[in-house]
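# Sequence and predicted structure are below.
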There are 2 protein chains.
Amino acid sequence: MITSVSNQQMKYVKELLNKSKQRKREKCFVAEGIRMVAETPADRLVKIYVSESFYKNPPELRGLELSKALIVDDQVFRQISDTQTPQGIMAVVRQQENCLEDILKQPDALLLFLENIQDPGNLGTMMRTAEGAGVTGIIMSRDTVDIYNPKTIRATMGSLYRMPFVYADDFCEAIGQAKAQGIRLYAAHLKGRNNYDGEDYRQPSGFLIGNEGNGLTKEAADSATDYIRIPMGGQLESLNASVAAAVLMYEANRQRRKEY
Amino acid sequence: MITSVSNQQMKYVKELLNKSKQRKREKCFVAEGIRMVAETPADRLVKIYVSESFYKNPPELRGLELSKALIVDDQVFRQISDTQTPQGIMAVVRQQENCLEDILKQPDALLLFLENIQDPGNLGTMMRTAEGAGVTGIIMSRDTVDIYNPKTIRATMGSLYRMPFVYADDFCEAIGQAKAQGIRLYAAHLKGRNNYDGEDYRQPSGFLIGNEGNGLTKEAADSATDYIRIPMGGQLESLNASVAAAVLMYEANRQRRKEY
């Protein structure tokens, strides 16, 4: 049993939880909680850690294989964990990105292009909503927050393992590639002339969503096929980024559902 | 100038920021940041506090009246503030709720009934989206998180001052009252038979949104006119509560926009 936070493995886990740089170097991340660990594909699992109490009284859950799990003292587990009330299980998992070409060539593409999203919760929530709405892939700019941030992972509710995604080295070039393949890309923009629900998303299409405070860069917005806007009543100046993305994705979902 | 965190007024502000009980007793709350303070209706302002640096170099902004502001040492201000990088201005503001009857009798009602929402950010985001979508009022169950929680206030982006809302003493009774006035209420529910976009929201209507983890109580869901569901692809079991609310509110907005 691991009984100290200075244990090498515990230090390693803590660094993976706290440091994006370390995650990038190791190409690994930490998945916390029963469901996240149970949903982790077996071939990507590096190591499972459980607290002593968890080990003594594990829940029955399909996909949860504890025979190789390492046991950690409850106190130590609590100190390492990123959550306030840890469930007593976490795993080191190998990262896995898709490649842009594979994402772009999917039939009936419905894409989300995210530029410089900074709030980990927003990013995770967008990925979760994307799965629900039938989005086929997410392309992120390099300056978007790390998808393997513990807060992001929690907010994805497992979509992280199911939604194809990639960080594009050159965001605007990726937009160009998508358009070259016939995918129509709509920039959510306060200057949009057309309401979002006036467009036809039954064809291959995608949405460009910008940074929470500043929106899309001019370069990215100008690369889009067209600007669209979400009408807003009252004196509101903008919607929360993950809310705006949700409204757009579910409008596409609504149109596609009705017709097919 | 106030130079100590033990100053009586500073203690009072800190308590208002941290304790829901204290806010309820005093019927006041703290608004932080330039925009929130500038948007505060003059008749509800109790007192404005600014940091020394802010006072020496105040931004020009309509509605910002600093002649009666009290100056607080920068260090002290930082310690009191609820934000990591305080803008240097906060105000004690009188609470103001609407009454249920006034909310229900508005023409073309579009209501949001929130039961036991626990995440302050979710609640604030829902209020912000509600203003954008043209919602006419929000009714909350007593066990919903305090709308005057600093995190909630921040997430409302000023909608707090513009969106009518009330905490209902008896949530299900409030649902009954609304229905008695001819308002159709739809419970967002995983067991809903009809997709949310199959209903007509151009008539007076409203949505019932439940707790993040547990959804609506059976009692509340059964009080609704009908269940509706948001279709979800993939293996997703639910959407984030504020995302679900946004999808519903903007579907109502879309329908009402098209027709009127």
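Arrived safely.
# Please make it C-alpha for all contacts and neighbour counts, starting now.
Fine.
# Show me which helix runs longest in chain A.
Counting by DSSP state H, the longest helix found in chain A is helix A:241-259.
# In PDB, list the C-alpha atoms belonging to it.
The C-alpha coordinates for helix A:241-259 follow below in PDB (Å, rounded to 0.1, in the frame of the first residue of the first chain):
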ATOM      1  CA  ALA A 241     -19.800  30.300 -25.000                       C
ATOM      2  CA  SER A 242     -21.000  26.800 -24.100                       C
ATOM      3  CA  VAL A 243     -24.600  28.000 -24.200                       C
ATOM      4  CA  ALA A 244     -24.100  29.600 -27.600                       C
ATOM      5  CA  ALA A 245     -22.500  26.400 -28.900                       C
ATOM      6  CA  ALA A 246     -25.300  24.300 -27.500                       C
ATOM      7  CA  VAL A 247     -28.000  26.500 -29.200                       C
ATOM      8  CA  LEU A 248     -26.300  26.100 -32.600                       C
ATOM      9  CA  MET A 249     -25.500  22.400 -32.300                       C
ATOM     10  CA  TYR A 250     -29.100  21.600 -31.300                       C
ATOM     11  CA  GLU A 251     -30.500  23.600 -34.100                       C
ATOM     12  CA  ALA A 252     -28.400  21.500 -36.500                       C
ATOM     13  CA  ASN A 253     -29.600  18.400 -34.600                       C
ATOM     14  CA  ARG A 254     -33.300  19.500 -35.000                       C
ATOM     15  CA  GLN A 255     -32.900  20.100 -38.700                       C
ATOM     16  CA  ARG A 256     -31.200  16.800 -39.300                       C
ATOM     17  CA  ARG A 257     -33.700  14.900 -37.200                       C
ATOM     18  CA  LYS A 258     -36.700  16.300 -39.000                       C
ATOM     19  CA  GLU A 259     -35.400  15.300 -42.400                       C
END
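# got the phi/psi numbers for A:Asn57?
Torsion angles at A:Asn57 (phi, psi; degrees, to the nearest 10) stand at phi -140, psi 60.
# And the pLDDT at it?
A:Asn57 carries a pLDDT value of 91.
# Show me chain A divided up by domain.
Using automatic domain parsing, the domains assigned to chain A come out as A:8-94, A:100-259.
# right, and those - which one's nearest chain B?
Smallest distance to chain B across these (C-alpha to the nearest C-alpha): 4.2 Å, for domain A:100-259.
# most tightly surrounded among the domains of chain A?
Mean neighbour count (mean count of other C-alpha atoms under 10 Å in any protein chain shown) peaks for domain A:100-259 among the domains of chain A, with a mean of 20.
# and that domain, does that touch chain B?
Yes: Domain A:100-259 lies within reach of chain B by C-alpha under 8 Å from any C-alpha of the partner chain, at A:125, A:128-129, A:131-134, A:157, A:159, A:162, A:197, A:231-236, A:239-240, A:242-243, A:246-247, A:250, A:254.
# mind checking the backbone torsions on the nearest residue to A:Gln203 once chain neighbours are set aside?
Among residues not flanking A:Gln203 along the chain, A:Asp108 sits closest, at 6.7 Å (C-alpha to C-alpha, 6 or more residues apart in numbering or on different chains). Dihedral angles of A:Asp108 (phi, psi; degrees, to the nearest 10) stand at phi 50, psi 40.
# A:Asp108 and A:Arg184 touch, don't they?
No: judged on C-alpha atoms under 8 Å, A:Asp108 makes no contact with A:Arg184 at a distance of 11.4 Å.
# now the end-to-end length of stretch A:57-77.
By C-alpha to C-alpha, to the nearest Å, the extent of stretch A:57-77 from end to end equals 16 Å.
# repeat for stretch A:102-116
22 Å.
# Just the CA atoms of stretch A:159-172, as CSV, please.
Extracted in CSV, the C-alpha atoms of stretch A:159-172 (Å, rounded to 0.1, in the frame of the first residue of the first chain):
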residue,chain,number,x,y,z
SER,A,159,-17.6,12.1,-23.9
LEU,A,160,-13.9,12.6,-23.9
TYR,A,161,-13.5,8.9,-24.8
ARG,A,162,-16.2,9.0,-27.5
MET,A,163,-15.9,12.3,-29.3
PRO,A,164,-13.2,12.6,-32.0
PHE,A,165,-11.1,15.7,-31.4
VAL,A,166,-7.8,17.3,-32.5
TYR,A,167,-5.7,20.3,-31.6
ALA,A,168,-5.0,21.9,-35.0
ASP,A,169,-1.4,23.3,-35.5
ASP,A,170,-2.8,26.0,-37.7
PHE,A,171,-6.4,26.8,-36.9
CYS,A,172,-7.2,28.9,-40.0
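# mean confidence score for it?
pLDDT averaged over stretch A:159-172 gives 97.
# swap in stretch A:3-15?
On average, stretch A:3-15 scores 97.
# what does stretch A:88-105 give?
Summarised as a single mean, pLDDT over stretch A:88-105 is 96.
# which other residues reach that stretch?
By C-alpha atoms under 8 Å, 6 or more residues apart in numbering or on different chains, the residues outside stretch A:88-105 that reach it are A:13, A:27-34, A:37, A:40, A:44-51, A:53-54, A:74, A:77-78, A:136-137, A:139, A:164-166, A:168, A:174, A:178, A:181.
# where along the stretch 1-150 of chain A do the strands fall?
A:28-32, A:45-51, A:70-72, A:89-94, A:110-114, A:137-141 (DSSP state E, counting those that start in this stretch).
# no, scratch that, I was asking about the stretch 151-260 of chain A
For the stretch 151-260 of chain A, the strands defined by DSSP E, counting those that start in this stretch occupy A:165-168, A:184-188, A:194-195, A:205-209, A:226-229.
# and the gap between the nearest residue to A:Asp197 once chain neighbours are set aside and A:Asp200?
In this structure, A:Asp197 finds its nearest non-sequential neighbour in A:Glu251, 6.7 Å apart by C-alpha to C-alpha, 6+ apart. Counting by C-alpha to C-alpha, the gap from A:Glu251 to A:Asp200 is 10 Å.
# any chance of the strands of the stretch 151-260 of chain A in a markdown table, with distance to A:Glu101 too?
Shown next, in a markdown table, are the strands of the stretch 151-260 of chain A (distance: least, C-alpha to C-alpha, whole Å):
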| stretch | distance to A:Glu101 |
| --- | --- |
| strand A:165-168 | 10 |
| strand A:184-188 | 16 |
| strand A:194-195 | 30 |
| strand A:205-209 | 15 |
| strand A:226-229 | 23 |
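# Show me the shaky parts of chain A.
A:258-260 (pLDDT under 70).
# at 50 what do you get?
Chain A contains residues with pLDDT under 50 at A:259-260.
# can you give me the helices for it?
A:8-18, A:20-26, A:34-39, A:52-56, A:74-80, A:100-104, A:120-133, A:150-156, A:171-180, A:218-223, A:241-259.
# For A:Gly192, which of these is the nearest?
helix A:218-223 (10.3 Å; C-alpha to C-alpha).
# Now do the closest one: distance to the chain's middle.
On the basis of C-alpha atoms, centre = their mean, to the nearest Å, helix A:218-223 sits 23 Å off its chain's mean C-alpha point.
# Distance of A:Gly124 relative to B:Thr225?
33 Å.
# If you could redo that for A:Phe113, that was the one I meant.
The gap separating A:Phe113 from B:Thr225 is 38 Å, by C-alpha to C-alpha.
# can you check A:Pro120 too?
A:Pro120 is 37 Å from B:Thr225, where distance means C-alpha to C-alpha.
# now do A:Arg193
From A:Arg193 over to B:Thr225 the distance is 37 Å, taken as C-alpha to C-alpha.
# before we move on, what about A:Ile89?
Counting by C-alpha to C-alpha - A:Ile89 and B:Thr225 are separated by 42 Å.
# Could you verify my assumption that A:Phe165 touches A:Gly137?
Yes: if you go by C-alpha under 8 Å, A:Phe165 and A:Gly137 touch, sitting 5.5 Å apart.
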